[in-house]
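**Student:** starting from these lines, generate the structure:
(one chain, ligands or ions: 2)
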Amino acid sequence: MNIMNVDYSTRIPNNVNLTGDRQVLKALEGWHPGYMDWWSDMGPEGFQQSLVYLRTAYSVDPRGWAKFDYVKMPDYRWGILLAPQEENRVIPFGERYGEPAWQEVPGEHRAMLRRLIVIQGDTEPASVEQQRHLGKTAPSLYDLRNLFQVNVEEGRHLWAMVYLLQKYFGRDGREEADQLLRRRSGSTEAPRMLGAFNEATPDWLSFFMFTFFTDRDGKMQLESLAQSGFDPLSRTCRFMLTEEAHHMFVGETGVGRTIQRTCEAMKAAGIEDPNEIARVRALGVVDLPTIQKKLNLHYTLSLDLFGSEVSTNAANAFNAGIKGRFGETKIADDHLLTSATYPVLKMVDGIIRRVDEPALTALNMRLRDDYTTDCAKGVERWNKVIEKTGVAFKLALPHVAFHRQIGEFKYIKATPDGDLIDDATWARRRDEWLPSKADGDFIAALMQPVSEPGQFAGWIAAPKVGIDNKPGDFEYVRIAA
Ligand SMILES: [Fe+2]
Ligand SMILES: [Fe+2]
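**Tutor:** Residues are numbered from 1 along each chain as shown. Ligands and ions are numbered 1, 2, ... in the order given. Predicted structure coming up:
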């Protein structure tokens, strides 16, 4: 079998020769019913019998890897797909720099590797759980289809991590795979492992912000794991990144279309001042200051996912050759970082200061900076959308000290500009910077479902092009009665 093509003859489609790997195939088939139970309990609410125009991977060739067709979500072929093995790949960083990449788990780093795979794996079903209620308020069939595409692919990403656990970690890997189906987003007894994945996704604007900001954290994590010296992890993450790009597209264009509709409605009504919130809302669109608040929330929740700015865990994972930097192989340095430093924002004597830290312990900060750069580019593209309509307003990323629960700034309060404030000021002004209950209620009231092909809710513009180049009135979801 060509590694590029996927074997669909087994229950679990794959390009890892599962038919020749009976033990792992058996373990995965044993896990499959529990996954299907999880999907029916915690996957998208309703629509399970509807036909959804989904893409399914049939190859891992980046030039043409997916095909589109109508599928009922429970019939989606969740498969195990690894990017092709690079010949003579070496460990691209850390103490084993330049040695051949591992095809088996290096014994001394087993626990660390398992932990990283479990943490990554835990985020995948979590986001499906967070988004499960959104189907009933979808602004169009196009958006409904995109939501479900993201959901089935997050399901596949769970499979990807479970494959690694079951193939390479024996009994405790199988136990971890079972636990991944037991934890629940937002649960008090068995929550998901990371904070942002226990937050609610109450409305579609949150969903778009989540796929822009939080899926982008996912991208950064996958990029650094794609550098891993443990080759199966690297190959798995490389293919996941192909799918991940669509999730961020959904987020970026979703927010962009929301912004566009707001600006167009303002212009048509002759409203020049974006801060005339009541007048803008009366048009049935989301005012720009509220969009900024949503941005503030989702960006800061996602910043927390990078962990503490200074971290020995991150240093250990790098030294071990397990988790690299964003674009590791393209960075021109020694890939060892034994004497390098990196500037870290810290609280020093009550002031936010830039302090040089050993680059090894500052790896989380570095990845977070790379993430911020990536986010800022997207925000600039949103600002172009606003600019084109002639409305005078700019969205901006808040300061990294604003609204943090992890790291250097968790004990302080700061404004979105990074000015330190006391608790009383924070309590008084919080609702200027983060979505308030009233903002949430207003957005919730806008979330009326639209299910006529080619029609869109009044708060969001139509996309410029269809999925798979389909025309504007294409029926992306055939909703079962
Ligand atoms: Fe994912
Ligand atoms: Fe994703």
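**Student:** and the closest residue to ligand 2 within the stretch 51-200 of the chain, what is it in contact with?
**Tutor:** Of all residues in the stretch 51-200 of the chain, Glu154 sits closest to ligand 2, at 5.6 Å by CB to the ion. Quick note: C-beta positions are derived from backbone N, CA and C, even for glycine. Going by CB atoms under 8 Å, 6 or more residues apart in numbering, Glu154 touches 124-125, 127-128.
**Student:** can you put these in CSV and add pLDDT, secondary structure and neighbour count?
**Tutor:** Listed next are the contacts of Glu154 as CSV, based on pLDDT from 0 to 100; DSSP: H, G, I helix; E, B strand; the rest coil; neighbours: other CB atoms under 10 Å:
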residue, pLDDT, secondary structure, neighbour count
Glu124, 98, helix, 23
Pro125, 98, helix, 27
Ser127, 98, helix, 26
Val128, 98, helix, 22
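**Student:** leaving out chain neighbours, which residue sits closest to the closest residue to ligand 1 within the chain?
**Tutor:** As assessed by CB to the ion, ligand 1 sits closest to His157 within the chain, at 3.7 Å. Leaving aside its chain neighbours, His157 sits nearest to Glu124 (4.1 Å; criterion: CB to CB, 6 or more residues apart in numbering).
**Student:** check whether that neighbour really touches Val152, as I assumed.
**Tutor:** No: applying CB atoms under 8 Å as the test, Glu124 and Val152 come out as separate, 11.1 Å apart.
**Student:** tell me the buried residues in stretch 118-126?
**Tutor:** 118, 120-126 (16 or more other CB atoms under 10 Å).
**Student:** how many other residues sit next to Ala438?
**Tutor:** By other CB atoms under 10 Å, 10 other residues sit near Ala438.
**Student:** hang on, it in a helix?
**Tutor:** Yes: Ala438: assigned to a helix according to DSSP: H, G, I helix; E, B strand; the rest coil.
**Student:** what pLDDT does it get?
**Tutor:** With respect to pLDDT, Ala438 scores 98.
**Student:** skipping adjacent residues, who's closest to it in space?
**Tutor:** Leaving out its chain neighbours, the residue that sits closest to Ala438 by CB to CB, 6+ apart is Asp431, at 8.0 Å.
**Student:** ok, now Asn316?
**Tutor:** Take Asn316 and drop its neighbours on the chain: the residue closest to it by CB to CB, 6+ apart is Met112, 6.8 Å away.
**Student:** would you mind listing what in the protein touches ligand 2?
**Tutor:** For the chain, the contact set with ligand 2 under CB under 5 Å from the ion comprises 215, 244, 247.
**Student:** the last one touches Thr214, doesn't it?
**Tutor:** Which is His247. No: with contacts counted by CB under 8 Å, His247 stays clear of Thr214, the gap being 9.3 Å.
**Student:** which one of those two has more residues nearby?
**Tutor:** Thr214 (27 against 24).
**Student:** give me the distance between that one and Ala359.
**Tutor:** 26 Å (CB to CB, to the nearest Å).
**Student:** ok but Glu272 is inside a helix, no?
**Tutor:** No: counting by three-state DSSP, Glu272 is not part of a helix but coil.
**Student:** what's the closest non-adjacent residue to it?
**Tutor:** The shortest distance from Glu272 to any non-neighbouring residue, by CB to CB, 6+ apart, is to Ala392 (7.4 Å).
**Student:** for the chain, which segments are assigned as helices?
**Tutor:** In the chain, the helices defined using DSSP state H lie at 22-42, 110-130, 141-168, 170-182, 204-209, 215-225, 231-269, 277-282, 288-303, 312-319, 363-389, 423-433, 437-446.
**Student:** any idea which of those helices gets closest to Thr341?
**Tutor:** Shortest distance between Thr341 and the helices of the chain, using CB to CB, is found for helix 363-389: 11.1 Å.
**Student:** what residues sit buried inside that closest one?
**Tutor:** Buried-residue list, helix 363-389, by 16+ other CB under 10 Å: 363-371, 374-375, 378-379, 382, 385-386, 389.
**Student:** give me the angle between that helix and helix 215-225.
**Tutor:** Inter-element angle recorded for helix 363-389 and helix 215-225: 140 degrees (by axes from the mean of the first three to the mean of the last three CA atoms, to 10 degrees).
**Student:** report how many residues lie close to the closest residue to ligand 2 within the stretch 251-400 of the chain.
**Tutor:** Residue nearest to ligand 2 within the stretch 251-400 of the chain (CB to the ion): Gly251, separated by 9.3 Å. Residue crowding around Gly251 was assessed by other CB under 10 Å; the count is 24.
**Student:** noted, bye for now.
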